[in-house]
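S.K.: Any chance you can model this:
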Amino acid sequence: MIDARRGVLYPARMPEFHRIAPAAEAADLVQWFWIPQWDIEPGRTSRQHVVSYPALNLVVEPGGVELVGPSTAASYRDLIGRGWAVGAMLKPAAVAAFTEQPSALRDESRAFDAPELHREVVEAMRDAGERGREHAAAAFSEWLLARVGTPGPAALDANRVAELLMTDATVIRDEDAAMRLSVSVRTMQRLTRRYVGLSPAAMIRRRRLQEAAQRVREHPDTDLATLAAELGYADHAHLTNDFRTVLGFTPSSYRAASGNRLPR
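M.R.: Residues are numbered from 1 along each chain as shown. Below is the predicted model of the structure:
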């Protein structure tokens, strides 16, 4: 299973945050629902940094619904005032019901017309507690099932490819995954581009970077050269370059960051 702890670069700075599993019937369509809730003091801003999973997200907020494409870099959002969001991290099998070209949404987002979904989630979130969140996730699951229907064989194959690429630390090349799945590299590439919008190599890079950040964050005494070798990087310099290119800072500066102080 994909590690739900990865992706948030500074968990201690997050507002109230919840992940909820989908209804069993929707398990082929959504990885999980994520629900942040915040109440920031007037005049203050809470900046949330994330290195997102390589997936499309459908996000409901009080102001509307948004389809968010897969990202290739770290991103942040400034939270102010009081609010919430209910997001569905879509599995590849659900993507075709929302866009024919997920690659066109890479590092982009767009408004999505789903008034019934918006109405039901907003109504559920009037209860700010656990009950409201559970009702919002249940309504979202039901809506997705009606929208997407039963995924076909190719869509389910795409789910299996994505699950392997994002969970198996021994997979460091396209060829590793293709051999494990008993498919050709070209077939695997076609599936991820059609149902995710990224190449298998890009998805592997994202998993390795997420895991590297998590290990550095949770185990600050980790030797970076050893970590690089364990995650399949060529060397320490390769790991550092990946950090700097995607996140904008080095593993050492990330490890040193604490409180509200951000790495340079």
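S.K.: going forward, measure contacts and count neighbours with C-alpha atoms only.
M.R.: Will do.
S.K.: what about the strands in the chain?
M.R.: Along the chain, counting by DSSP state E, strands occupy 16-20, 30-39, 46-50, 57-61, 64-68, 75-79, 82-84, 86-90, 109-111.
S.K.: most tightly surrounded among these?
M.R.: Sort these by mean neighbour count, taking mean count of other Cα atoms under 10 Å, and strand 86-90 sits at the top with a mean of 23.
S.K.: how close does the residue nearest to Leu56 when sequence neighbours are not counted get to Glu108?
M.R.: Counting by Cα to Cα, 6 or more residues apart in numbering, Leu56 lies nearest to Gly69, which is 4.7 Å off, once chain neighbours are set aside. As judged by Cα to Cα, to the nearest Å, Gly69 and Glu108 stand 6 Å apart.
S.K.: lowest average confidence, helix or strand, in the chain?
M.R.: Of the helices and strands making up the chain, the lowest-confidence element is strand 46-50, at a mean of 84, by mean pLDDT, DSSP states H and E.
S.K.: And for that one, what's in contact with it?
M.R.: Contacts made with strand 46-50 from outside it, assessed by Cα atoms under 8 Å, 6 or more residues apart in numbering, are listed as 7-10, 13-14, 40, 74-80.
S.K.: again with stretch 96-116
M.R.: Surrounding stretch 96-116, the residues in contact under the criterion Cα under 8 Å, 6+ apart are 56, 64-73, 95, 147-148, 193-198.
S.K.: So which of these are in helices?
M.R.: Counting by DSSP state H, the contacts of stretch 96-116 place Val95, Arg147, Val148, Arg193, Arg194, Tyr195 in helices.
S.K.: Report the contact partners of the first one.
M.R.: This points to Val95. Remark: with contacts taken as Cα under 8 Å, 6+ apart, Val95 is in contact with Leu56, Pro102, Tyr195, Val196.
S.K.: okay, among the residues you listed, which ones form the most distant pair?
M.R.: Spanning the widest gap among the contacts of Val95 are Leu56 and Tyr195, at 9.3 Å by Cα to Cα.
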